[in-house]
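Trainee: coordinates only, sequence not included:
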Ligand code: NDP
């Protein structure tokens with residue numbers, strides 16, 4: 001049986017440490033990190049995510065500013081709000097919950113956020129800096145995955161990593177981060193041939209495809225570390241439940257270590273959002289950010 005990587009426990013420890021750092025900033029530097037979250041529309045899943053992010057920010061001692069805009073909001077109104085937040089010294093991090101309604105150009109909105117306050121790490125300047133090995137705000141989900149991998153495996157240098165999925169928010173930045181850690185990285189996607197065989201090569205397998213239980217037991221190299229990013233809602237026995245992109249019961253027979261869904265990558269994503277907000281605050285005030 002494989003080791004279960006407890007993302008919930010890791011995230012709780014990380015949030016505790018962030019809370020301590022926030023306390024120090026407030027006490028010694030009289031600065032309170034501020035997180036602004038913008039939600040457009042009434043998508044129920046997005047509402048839950050936004051509520052969780054705001055609650056956890058407050059629990060860590062940060063200021064949380066929430067903006068809820070109607071689904072029909074004109075793009076210019078959203079851009080105006082972002083501009084105001086860019087200039088607001090009490091706001092250190094800005095997050096626009098995706099997806100956005102069709103009248104709004106997502107790329108335009110992301111580019112409107114000041115890169116120093118782009119705690120999601122989606123701005124092209126941050127993406128480019130990460131891709132070229134420099135400093136940039138790292139997207140929260142891949143950062144959470146990397147934190148769990150380093151905790152589990154220590155040095156990742158020389159390991160064969162396969163990232164399943166090539167989205168801008170998970171797959172591509174994950175591949176950049178693993179490359180930076182000196183892994184040999186393969187990015188697989190819907191056009192990849194002999195996908196199972198590609199996955200079987202991996203010492204580290206990160207699955208981010210959004211397909212329930214796609215990765216089967218025999219896709220996994222014995223002893224591999226498997227990070228399951230997927231969050232899929234399925235109907236079973238008349239109830240809705242969450243499953244990942246990995247067939248958990250099968251995978252735990254062969255993997256060396258594995259993240260569960262829920263309770264794996266999900267909690268780390270929010271904790272890393274708080275970490276990015278703390279880092280953005282420190283950088284905006286020229287305060288060294290503790291490693
Ligand atoms: P996207 O839909 O943007 O990307 C999915 C990727 O998977 C694409 O690159 C696609 O390939 C590839 N893919 C789809 N089907 C297959 C297949 N059958 N075989 C091989 N590759 C396939 O998804 P995201 O990256 O945004 O999210 C992925 C999953 O992670 C989702 O379940 C999402 O809910 C979850 N997620 C979880 C987070 C967390 O905090 N835990 C945060 C963000 C996402 P192609 O490019 O060729 O179309």
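Mentor: Yep, that arrived. Just so you know, these numbers come straight off a predicted model, no measurement behind them.
Trainee: what comes up buried for stretch 135-154?
Mentor: The neighbour-count check on stretch 135-154 (16 or more other CB atoms under 10 Å) flags 136-149, 152 as buried. C-beta coordinates here come from the backbone N, C-alpha and C atoms, glycine included.
Trainee: now do stretch 241-261
Mentor: The neighbour-count check on stretch 241-261 (16+ other CB under 10 Å) flags 243-248, 250-252, 254-261 as buried.
Trainee: repeat for stretch 86-104
Mentor: Judged by neighbour count (16+ other CB under 10 Å), stretch 86-104 contains these buried residues: 91, 92, 93, 94, 95, 96, 97, 100, 101, 104.
Trainee: what of stretch 229-245?
Mentor: 229, 230, 231, 232, 243, 244, 245.
Trainee: what about the residue nearest the centre of the chain, distance to residue 265?
Mentor: Nearest to the mean C-alpha position of the chain, counting by CA atoms, centre = their mean, stands residue 141 at 1.6 Å. Distance, residue 141 to residue 265, by CB to CB, to the nearest Å: 6 Å.
Trainee: any residues in contact with both of those two?
Mentor: With contacts taken as CB atoms under 8 Å, 6 or more residues apart in numbering, the residues that reach both residue 141 and residue 265 are residue 229.
Trainee: now do the strands in the stretch 51-200 of the chain.
Mentor: 63-69, 93-96, 160-164, 184-188 (DSSP state E, counting those that start in this stretch).
Trainee: now these as CSV including mean pLDDT and distance to residue 79?
Mentor: Formatted as CSV, these follow (pLDDT from 0 to 100; distance: least, CB to CB, whole Å):
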stretch, mean pLDDT, distance to residue 79
strand 63-69, 97, 12
strand 93-96, 98, 11
strand 160-164, 99, 33
strand 184-188, 98, 32
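Trainee: export those strands to JSON lines and tack on distance to the ligand?
Mentor: JSON lines is the format used below for those (distance: least, CB to the nearest ligand atom, whole Å):
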{"stretch": "strand 63-69", "distance to the ligand": "19"}
{"stretch": "strand 93-96", "distance to the ligand": "13"}
{"stretch": "strand 160-164", "distance to the ligand": "6"}
{"stretch": "strand 184-188", "distance to the ligand": "6"}
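Trainee: can you list these in CSV and add distance to residue 119?
Mentor: Formatted as CSV, the strands of the stretch 51-200 of the chain follow (distance: least, CB to CB, whole Å):
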stretch, distance to residue 119
strand 63-69, 13
strand 93-96, 4
strand 160-164, 22
strand 184-188, 25
